[in-house]
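Quick one: sequence and predicted model below, then my questions.
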Amino acid sequence: MEQLVNKKMSSKPYYKATLGLASIFLILGACNSGTTPGNRALEKTPEPKTPVSVTRISNVPLSDYIELNATATFQQKGIIKASSNGYVQAVNVKKGDYVKGGQTLFTVITKEARSIGNAINNLDPSFKFTGLTRITANTAGFAGEVSHQKGDYVQEGEQLAVITNLNSFVFLMDLPYELTGIIKNQKTLEVTLPDGQKLAGKLGPAIPLVDSISQTQRVIIQVKTQRLIPEGLIAKVKLIRSESPNPIALPKESILANETQDEFWVMKLINDTVAVKITIQKGIETGNYIEIKSPLFKPDERFVLTGNYGLPDTAKIIINHK
């Protein structure tokens with residue numbers, strides 16, 4: 001009995017020591033539970049960054065303009081008419097020929113001369129009766145129409161041909177009446193032909209007549225060119241509404257807007273890894289660039305060009321140098 005009691009008393013300190021070590025391990029385990037391998041990996045994962053490309057301010061001159069059609073035409077056309085009744089004996093012009101002023105185009109012999117002319121000459125050769133009438137061009141130009149050929153019978157006043165006056169060449173532009181205010185400020189007009197050639201045009205008088213359906217007024221545009229431009233050719237005329245010779249502008253891709261298109265902003269870089277949202281006021285807008293009216297950015301400032309869609313304010317970025 002005494003041995004059993006002594007044995008229990010001797011095992012009690014060992015039990016307490018074991019219990020104490022177990023408690024220590026539990027406390028240490030609880031303290032380390034917040035830094036498990038998964039949590040440590042989560043703490044070390046860097047914040048995601050959006051790859052972007054950047055751009056800078058451009059000072060290329062900008063202009064807001066519209067384009068209208070203009071039709072090539074000759075304002076003056078000379079009508080060649082028969083001066084007497086008779087038969088066309090000779091035709092010296094074809095459609096499309098260039099003629100000089102005073103050049104003989106037609107020869108007409110009267111009906112009477114054709115009938116009795118030879119008989120009179122046989123009776124009196126000194127009389128030299130021919131009955132021929134030579135019809136000439138009043139001005140230089142191109143034959144737009146030739147209405148008769150040799151042998152035709154024509155009456156006095158009948159049209160024989162139409163000669164266009166080269167000096168009367170102009171473009172006619174149909175201008176919407178609401179734009180008559182801006183055309184007064186046009187110093188020069190740029191006329192672009194379908195083949196890409198550009199001609200300097202000068203604003204001429206406006207015809208005092210408005211089309212009742214389209215509400216357009218016809219305006220004359222004078223051009224100087226050595227090239228023969230065919231009548232009826234349709235060219236483009238550029239009318240400038242407003243212009244800015246030295247703007248602060250950014251590419252269109254760098255400008256963002258809300259759904260209602262009444263608020264616009266850009267993402268400006270404050271360093272190589274952070275971009276912030278800056279609200280802007282737009283100015284002139286062209287095909288590739290938009291003028292920034294405010295704020296006044298500096299030339300060395302950088303802006304997100306691509307990759308900016310959906311970026312929040314103070315966004316983490318990484319610059320793509322490709």
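It's in.

Going by C-alpha atoms from here, please, whenever you check contacts or count neighbours.
Fine.

where along the chain do the helices fall?
For the chain, applying DSSP state H gives helices covering 2-32, 37-44, 111-123, 180-183.

counting contacts, what elements does the shortest one pack onto?
Using 3 or more CA pairs under 8 Å, 6 or more residues apart in numbering; DSSP states H and E as the contact criterion, the secondary-structure elements in contact with helix 180-183 are strand 234-244.

mind listing what residue 201 touches?
188-191, 221-224 (CA atoms under 8 Å, 6 or more residues apart in numbering).

re earlier: just flag whichever of the helices of the chain has the lowest average confidence.
Of all the helices of the chain, mean pLDDT reaches its minimum on helix 2-32 (a mean of 49).

ok, back up a step: can you tell me which of the contacts of residue 201 lies nearest to residue 82?
Distance ranking of those against residue 82, using CA to CA, places residue 222 first at 33.2 Å.

which residues of the stretch 101-250 of the chain fall in strands?
Secondary structure of the stretch 101-250 of the chain (DSSP state E, counting those that start in this stretch): strands located at 104-109, 132-136, 141-146, 153-154, 159-165, 169-176, 189-192, 198-210, 216-223, 234-244, 249-251.

how much does the longest one deviate in direction from strand 169-176?
Our comparison of strand 198-210 with strand 169-176, counting by axes from the mean of the first three to the mean of the last three CA atoms, to 10 degrees, yields an angle of 60 degrees.

quick one on the thing from earlier: reformat the strands of the stretch 101-250 of the chain into a markdown table and put mean pLDDT and distance to residue 320 next to each item.
Output for those, formatted as a markdown table (pLDDT from 0 to 100; distance: least, CA to CA, whole Å):
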| stretch | mean pLDDT | distance to residue 320 |
| --- | --- | --- |
| strand 104-109 | 91 | 75 |
| strand 132-136 | 87 | 76 |
| strand 141-146 | 88 | 63 |
| strand 153-154 | 91 | 82 |
| strand 159-165 | 90 | 63 |
| strand 169-176 | 93 | 48 |
| strand 189-192 | 90 | 40 |
| strand 198-210 | 88 | 40 |
| strand 216-223 | 92 | 50 |
| strand 234-244 | 89 | 32 |
| strand 249-251 | 95 | 17 |
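
Reformat these as CSV; add distance to residue 260.
Output for the strands of the stretch 101-250 of the chain, formatted as CSV (distance: least, CA to CA, whole Å):
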stretch, distance to residue 260
strand 104-109, 69
strand 132-136, 70
strand 141-146, 56
strand 153-154, 72
strand 159-165, 56
strand 169-176, 30
strand 189-192, 36
strand 198-210, 37
strand 216-223, 33
strand 234-244, 25
strand 249-251, 21
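
any idea how far residue 104 is from residue 86?
Noted for residue 104: a distance of 17 Å to residue 86, by CA to CA, to the nearest Å.

typo on my end, residue 189
As judged by CA to CA, residue 189 and residue 86 stand 50 Å apart.

Equivalent analysis for residue 95, please.
From residue 95 across to residue 86, the span is 22 Å (CA to CA).

And those two? Which one has more around it.
The residue with more neighbours, out of residue 95 and residue 86, is residue 86; 24 against 14, by other CA atoms under 10 Å.

if I read this right, that one contacts residue 157, doesn't it?
No. Residue 86 lies out of contact with residue 157 (CA atoms under 8 Å); the separation is 11.4 Å.

How confident is the prediction for the closest residue to residue 112 other than its chain neighbours, by pLDDT?
Nearest residue to residue 112 in three dimensions, chain neighbours excluded: residue 131, at 7.7 Å (CA to CA, 6 or more residues apart in numbering). pLDDT, residue 131: 71.

residues near residue 131, how many?
Around residue 131 there are 15 residues (other CA under 10 Å).

One more: residue 171?
Using other CA under 10 Å, the number of residues around residue 171 comes to 27.

residues in contact with the spatially closest residue to it that is not a sequence neighbour?
Closest residue to residue 171 in three dimensions, ignoring its sequence neighbours and counting by CA to CA, 6+ apart: residue 72, at 4.5 Å. For residue 72, the contact set (CA under 8 Å, 6+ apart) comprises 169-172, 229-235.
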